[in-house]
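>>> pasting the sequence and the predicted model now:
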Protein chains: 2
Amino acid sequence: MMVAWMNREALELTVEENRAVYWSRSRQKLWRKGEQSGHEQQLLELRLDCDNDVIILKVNQIGGLACHTGRASCFYRVLRDGQWQIVDRVIKDPQDIY
Amino acid sequence: MMVAWMNREALELTVEENRAVYWSRSRQKLWRKGEQSGHEQQLLELRLDCDNDVIILKVNQIGGLACHTGRASCFYRVLRDGQWQIVDRVIKDPQDIY
């Protein structure tokens, strides 16, 4: 669906508020996913990997789209014949989201 | 299943050899997944995210396990009541893998 960064506070708030909270490196601030778009991510499950540096969030994605391009997932391009081809459709126009 | 790093060469080799090749930061060298364990990852699909810094590999995981702990996935711990609990079983003893 998407990949983002967390710091300790983001992780603590994610657990506390039962919703995805990330750390925006570009804005250098906490980012409650959906705070602008309304497309929150309700937390269903948190998983940790074997060397303790990656967390997977299983979420209920409000609005059905996680990507700022208006798609369900940020991973909407597939490599075919040496080219990244868009294979997933825009569900909602970003201009209608933000 | 797992998360690892790639540099440009790792990505190029992944496409060229049709198998997962990563960049080991700890060893500072290319890492053909499965080169020691035999548990290669045959490439089925490559996807790129919206801001061009994360790639998802859809793979056929030889041996059915990707984690060095002998589990199918590195994400075998779930947060429950404030504790990381192991929820996925060891498929093969790591001592029998390496």
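Looks like it arrived, so ask away.

>>> now do the same contact list for A:I97.
A:S37, A:H39, A:H68, A:G70 (Cβ atoms under 8 Å, 6 or more residues apart in numbering or on different chains). For the C-beta atoms, the positions are set from N, CA and C on the backbone; glycine is no exception.

>>> what do you get for A:M6?
Counting by Cβ under 8 Å, 6+ apart, A:M6 has contacts A:T14, A:V21, A:Y22, A:W23, A:I55.

>>> can you check the pLDDT for the last one?
With respect to pLDDT, A:I55 scores 98.

>>> with A:D96 instead?
For A:D96, pLDDT reads 89.

>>> that one - nearest residue in space that isn't next to it in sequence?
Closest residue in space to A:D96, ignoring its immediate chain neighbours: A:G70 at 8.0 Å, by Cβ to Cβ, 6 or more residues apart in numbering or on different chains.

>>> what does A:P94 give?
A:P94 sits nearest to A:G70 (Cβ to Cβ, 6+ apart), 4.8 Å away.

>>> who touches the one you found in this structure?
Each residue near A:G70 by Cβ under 8 Å, 6+ apart is listed here: A:V90, A:I91, A:K92, A:D93, A:P94, A:D96, A:I97.

>>> now the residues you listed as a markdown table including distance to A:D49 and secondary structure?
Listed next are those as a markdown table, based on distance: Cβ to Cβ, whole Å; DSSP: H, G, I helix; E, B strand; the rest coil:
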| residue | distance to A:D49 | secondary structure |
| --- | --- | --- |
| A:V90 | 32 | coil |
| A:I91 | 30 | coil |
| A:K92 | 32 | coil |
| A:D93 | 36 | coil |
| A:P94 | 32 | helix |
| A:D96 | 36 | helix |
| A:I97 | 31 | coil |
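
>>> next, give phi and psi for the residue of chain A most remote from its centre.
Relative to the mean C-alpha coordinate of chain A, counting by Cα atoms, centre = their mean, the farthest residue is A:D81 (28.2 Å). Note on A:D81: backbone dihedrals following degrees, to the nearest 10 are phi 50, psi 40.

>>> what's the closest residue to A:S73 other than its chain neighbours in contact with, if anything?
Spatially, and ignoring its direct neighbours in sequence, A:S73 is nearest to A:M1 (4.9 Å; Cβ to Cβ, 6+ apart). With contacts defined as Cβ under 8 Å, 6+ apart, A:M1 is in contact with A:V59, A:Q61, A:A66, A:A72, A:S73, A:C74, A:F75.
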